[in-house]
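Novice: Sequence below, structure please.
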Amino acid sequence: MSSLALQSTQKHYARFGRCQNIKTGETRCAMTASDCEPARNDDGEMWYNDLRLKQKGIDDGDCKCENTLMGACVSVGGNHMSYECAPRTTREDDYCQAHDDDNQDGNSVLPTYEILPTNSAGTNCFCDALQSIEDDSIRHSPASLTKYGACFDPFRDEFFCAYSSESCSGDHVWVHPKDVPDIRPDGGFCTCEQTHIGGCIGGMYPFHCALSEEDCHWNSFVPPIPLKMQHNHACMMCEKTITLDPKPDEINTIEYAPNAMFSLSFTAGISIGVGVSVVFLVYCGVARFYARKDKAGKSNTAVEDSAPGSVPQIS
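Specialist: You can find the predicted model right below:
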């Protein structure tokens, strides 16, 4: 941040990258590189984050939450299949956790992460909600909203909605999306509008939001809490307004308090520099004093040696 006097948080929103088909050059929005087809496959793809897309001149439109496809945790038990839209994070059990199958006498079912199969209704998971090309009401139903997890501090009873458990630090623990209502005072879920992500700071490029380090290019990834506390930025998954009266979370209430180490170091450096200068000046003064005293002593000795009784004779 360039201004310490900034009073309000600078809020930004996620812009995702794209997978580009190696053969055709066609692109599609994707949240992470893991969502692309491996390059070795016949339909292999290369991943470019939003910044790299701009650098390469690929202008196929911004990839926002509402137009970016994601997968789901798919569970198959007995004769039925259930699924829950979810992002793909580096820790699969952030979202896809084993659970009991009610129709199979409590047998444990371990979901797999996959893109939903093609269906006649064109229903699929997106970053913001379950969408259908046949029934737009599905997208706007509260039950269809994509649910994210949260980082919860049980000692201070504070939380914030988060994209992955990697955002949880200190005493914070990860809370699975289905358990979020248990730790929220309002009993609500975490939707994209409330979900915090990190950002890329420093380097040769301007600030931008990021899900992880792979979105940063020659700059550093900063998680949500230090992003707010040290840089006064807040990055959200989406810009849309889903909740009419969203409740403040832990990050909303964190005060901007940039790291004071630089200021302290700078002040200490000045103090040390002044101290050294004073010592040096005193030393120079003392040295000059003794130099003068020594010179005066030599002068007096020369005068004494030139007393009348010892004047050299002139021949």
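
Novice: Skipping adjacent residues, who's closest to residue 62 in space?
Specialist: Setting aside the residues directly before and after it, residue 62 is nearest to residue 15 in space (CB to CB, 6 or more residues apart in numbering), at 5.6 Å. All C-beta spots, glycine's among them, are computed from the backbone N, C-alpha and C.

Novice: confidence score at the one you found?
Specialist: For residue 15, the model assigns a pLDDT of 95.

Novice: What residues does it make contact with?
Specialist: 50, 62, 63, 64, 208, 209 (CB atoms under 8 Å, 6 or more residues apart in numbering).

Novice: just the buried members of those residues?
Specialist: Neighbour-count burial (16 or more other CB atoms under 10 Å) applied to the contacts of residue 15 gives 50, 63, 64, 208, 209.

Novice: mind listing the helices for the stretch 101-250 of the chain?
Specialist: Listed in chain order, the helices of the stretch 101-250 of the chain (DSSP state H, counting those that start in this stretch) span residues 136-140, 180-183, 224-231, 250-253.

Novice: Could you give the bridge partners of residue 74?
Specialist: residue 83, residue 112 (DSSP bridges).

Novice: So which residue is smack in the middle of this protein?
Specialist: Using CA atoms, centre = their mean, the residue of the chain that lies closest to the mean C-alpha position is residue 198, 2.3 Å off.

Novice: now it: how far from residue 122?
Specialist: Using CB to CB, to the nearest Å, one gets 33 Å for the distance from residue 198 to residue 122.

Novice: how near is the closest residue to residue 44 other than its chain neighbours to residue 50?
Specialist: Once its chain neighbours are removed from consideration, residue 44 has its nearest residue in residue 22; the separation is 4.9 Å (CB to CB, 6+ apart). Between residue 22 and residue 50 the distance is 20 Å, computed by CB to CB.

Novice: Then residue 90?
Specialist: Following CB to CB, the distance that separates residue 90 from residue 50 is 19 Å.

Novice: Same check on residue 141?
Specialist: Applying CB to CB to residue 141 and residue 50 gives a distance of 29 Å.

Novice: which residues touch residue 216?
Specialist: Taking CB under 8 Å, 6+ apart as the definition of contact, the neighbours of residue 216 are 200, 203, 210.

Novice: Where neighbours are concerned, which of those residues has the most?
Specialist: residue 210 (28 neighbours; other CB atoms under 10 Å).

Novice: wait, it sits on residue 221?
Specialist: Yes. Contact between residue 210 and residue 221 holds when scored by CB atoms under 8 Å: they sit 5.7 Å apart.

Novice: which residues do those two both contact?
Specialist: 198, 199, 200.

Novice: Just the pLDDT for residue 111.
Specialist: What the model reports as pLDDT for residue 111 is 87.
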